[in-house]
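A.B. asks: Provided below are the primary sequence and the corresponding predicted coordinates.
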Amino acid sequence: MKKKETSPVSPLNKRRASWSELWVNHHHLLSSPPPPPIPIPKSDSSTTDLTLLLPDLTLLTIINKVPYPHRKTLSLVCKRWLRLHGGLVRTVKVSDWGFLESGRLVTRFPNLDNVDLVDGCLNSGVLVSRRVVSFAVSVGYYQSFNFVEERLLSVDKVDKGLKALAAGCSNLRRLVVANASELGLLSVAEACVRLQELELHKCSDSVLLGVGAFENLQVLRLVGSVDGLYDDNNSLVSDIGLMILAQGCKRLVKLELVGCQGGFDGVKEIGECCQMLEEFSVCDHKMEAGWLGGLGYCENLKTLKLVSCRKIDHGPGLGECLSRYCPALERLHLEKCQLRDKNTVKDLFKVCEAAREIVFQDCWGLDNDIFSLAMAFGRVKLLYLEGCSLLTTSGLESVIVHWHELEHLKVVSCKNVKDSEISPLLSALFSDLVEFQWRPDTRSHLWSSLTETGIGNKGGKFFKKT
């Protein structure tokens, strides 16, 4: 009989180890040296920063997704991130003129399109405000009250900084500078052909010779003579400067004159040459008598804004020129203006009789008699009154009942306008308004009582969210 073969790996054929063999094997393992450690390959130092594997374009996209307040801290990671962050910065307000003059500004931020140099021109430090002008000056001892002139950089130094800026920022769209000359502006105009917005502090007629070189300029703000800040002969903008401006900047859309002189001829030239002008602002002006007559030549003007004007016009105006008015005017905005001269206000309203939106904000002298002149506006849709303490309820009613197209009415902080003096006719007018805001004083309860009635929300049902 043949013997049955068994598998050599079968557990049945294995002999169980004795206790003596187990003891020997255990002590042999304890006495043998430990196995050598497995060698770990050293990693290359260039692969420790995984962001180095990303191209600049991808990393720029990631950095651009970070919220703007936290983006500055990313520039502290490394030199590469510092360079990429600098390429994303578009707006800079310079307070250290040496940073610009040395060329470090354009190296650090090569893609700037909005640069404000006023604080740097004045050695910034403490914020100074004078009506419609605000900037910073450094702390220190000054020989006189004219401390702005003491700290202002020289014209040559400002021009040198402008040349350094123009050499590295060809994509500049907006520039704010003080005490520049026409030569410095010409260097910017040659290199920055896309510049569209310019603000000049301490401006004069000669400086405007360089402004005409900006072919694509659309927004211009000129700060001339401001009492207590720039009040010398080197910051004087007259009719000559306005004529130079009109001949050189024919594509202007928005013009603001702060502390500028001039008169009928200069404003007329701007109206005839700048056919695209839509917004004209005059702040703290020193204009000659009769300048209002020149507004009639601004045929496409849509917004006229007067701010901090101690007197609208210094004379009765030119009779034949006041027969012209601004046919396209839509908005008249008066803020912090003296309106005590009835003849001047009458001339202004006559020139602006086509306006559809009227704003009186913190104006002095606006009583019932002066406000009655507003009936010259025949097609008013919006009236906004704020801080007009001399106007009463009856004076308001006597005018707005004649405006049959009125849709928006806002009365804020007019203490002599009383709830108790509202007539039934005025109440009926309120109910037909599309927008109604009534807060003449803190004791007025009309607005709170009308919040649930639907008055002043006539168009709300057409624009209700679903």
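C.D. replies: Great, that's in hand.
A.B. asks: tell me which stretches of the stretch 1-150 of the chain form helices.
C.D. replies: 19-31, 56-65, 68-74, 79-88, 97-101, 104-108, 118-121, 147-151 (DSSP state H, counting those that start in this stretch).
A.B. asks: reformat those as TSV; add distance to residue 332 and mean pLDDT.
C.D. replies: To be clear about C-beta, it is placed using only N, CA and C from the backbone, and glycine gets the same treatment. Shown next, in TSV, are the helices of the stretch 1-150 of the chain (distance: least, C-beta to C-beta, whole Å; pLDDT from 0 to 100):
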stretch	distance to residue 332	mean pLDDT
helix 19-31	101	57
helix 56-65	42	80
helix 68-74	37	76
helix 79-88	41	80
helix 97-101	40	91
helix 104-108	41	89
helix 118-121	30	88
helix 147-151	33	65
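A.B. asks: format these as a markdown table; extra columns: distance to residue 328 and mean neighbour count.
C.D. replies: A markdown table is the format used below for these (distance: least, C-beta to C-beta, whole Å; neighbours: other C-beta atoms under 10 Å):
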| stretch | distance to residue 328 | mean neighbour count |
| --- | --- | --- |
| helix 19-31 | 102 | 9 |
| helix 56-65 | 41 | 12 |
| helix 68-74 | 38 | 11 |
| helix 79-88 | 40 | 15 |
| helix 97-101 | 41 | 17 |
| helix 104-108 | 42 | 17 |
| helix 118-121 | 33 | 24 |
| helix 147-151 | 39 | 17 |
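A.B. asks: select, out of the ones you listed, the one closest to residue 331.
C.D. replies: helix 118-121 (28.3 Å; C-beta to C-beta).
A.B. asks: any stretches of the protein with poor pLDDT?
C.D. replies: 1-48, 123-149, 227-235, 315-323, 442-466 (pLDDT under 70).
A.B. asks: can you put the helices of the stretch 1-150 of the chain in JSON lines and add distance to residue 217?
C.D. replies: Below are the helices of the stretch 1-150 of the chain laid out as JSON lines (distance: least, C-beta to C-beta, whole Å):
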{"stretch": "helix 19-31", "distance to residue 217": "90"}
{"stretch": "helix 56-65", "distance to residue 217": "30"}
{"stretch": "helix 68-74", "distance to residue 217": "28"}
{"stretch": "helix 79-88", "distance to residue 217": "26"}
{"stretch": "helix 97-101", "distance to residue 217": "22"}
{"stretch": "helix 104-108", "distance to residue 217": "22"}
{"stretch": "helix 118-121", "distance to residue 217": "18"}
{"stretch": "helix 147-151", "distance to residue 217": "26"}
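A.B. asks: for residue 400, find the nearest of these.
C.D. replies: Using C-beta to C-beta, the helices of the stretch 1-150 of the chain put helix 118-121 closest to residue 400, at 42.3 Å.
A.B. asks: tell me the gap between that closest one and the middle of its chain.
C.D. replies: 18 Å (C-alpha atoms, centre = their mean, to the nearest Å).
A.B. asks: circling back to that earlier point, minimum distance to residue 170: which of the helices of the stretch 1-150 of the chain has it?
C.D. replies: Of the helices of the stretch 1-150 of the chain, nearest to residue 170 by C-beta to C-beta is helix 104-108, at 9.9 Å.
A.B. asks: hmm, who's touching the closest one?
C.D. replies: 86, 92, 94, 99, 112, 164-165, 167-169 (C-beta atoms under 8 Å, 6 or more residues apart in numbering).
A.B. asks: and which of the residues you listed is nearest residue 243?
C.D. replies: Distances from residue 243 to these, taken by C-beta to C-beta, are shortest for residue 165, at 28.7 Å.
A.B. asks: A helix includes that closest one, no?
C.D. replies: Yes: when DSSP: H, G, I helix; E, B strand; the rest coil is applied, residue 165 is found to be in a helix.
A.B. asks: which SS state does residue 269 fall under?
C.D. replies: Applying three-state DSSP: residue 269 is helix.
A.B. asks: so what's it closest to, chain neighbours aside?
C.D. replies: Spatial nearest neighbour of residue 269, excluding adjacent residues (C-beta to C-beta, 6 or more residues apart in numbering): residue 246 at 4.2 Å.
A.B. asks: do residue 171 as well
C.D. replies: Residue 171's closest residue in space is residue 113 (C-beta to C-beta, 6+ apart), at 5.3 Å.
A.B. asks: wait, that neighbour touches residue 170, no?
C.D. replies: No: the criterion here is C-beta atoms under 8 Å, and residue 113 misses it with residue 170 at 10.0 Å.
A.B. asks: comparing these two, which residue is more hemmed in?
C.D. replies: Comparing residue 113 with residue 170 by other C-beta atoms under 10 Å, the one with more neighbours is residue 113, at 20 against 16.
A.B. asks: let me see the contact set for that one.
C.D. replies: 90-91, 169, 171-174 are the contacts of residue 113 under C-beta under 8 Å, 6+ apart.
A.B. asks: residue 166 contacts residue 190, correct?
C.D. replies: Yes: with contact defined as C-beta under 8 Å, residue 166 reaches residue 190; the gap is 7.3 Å.
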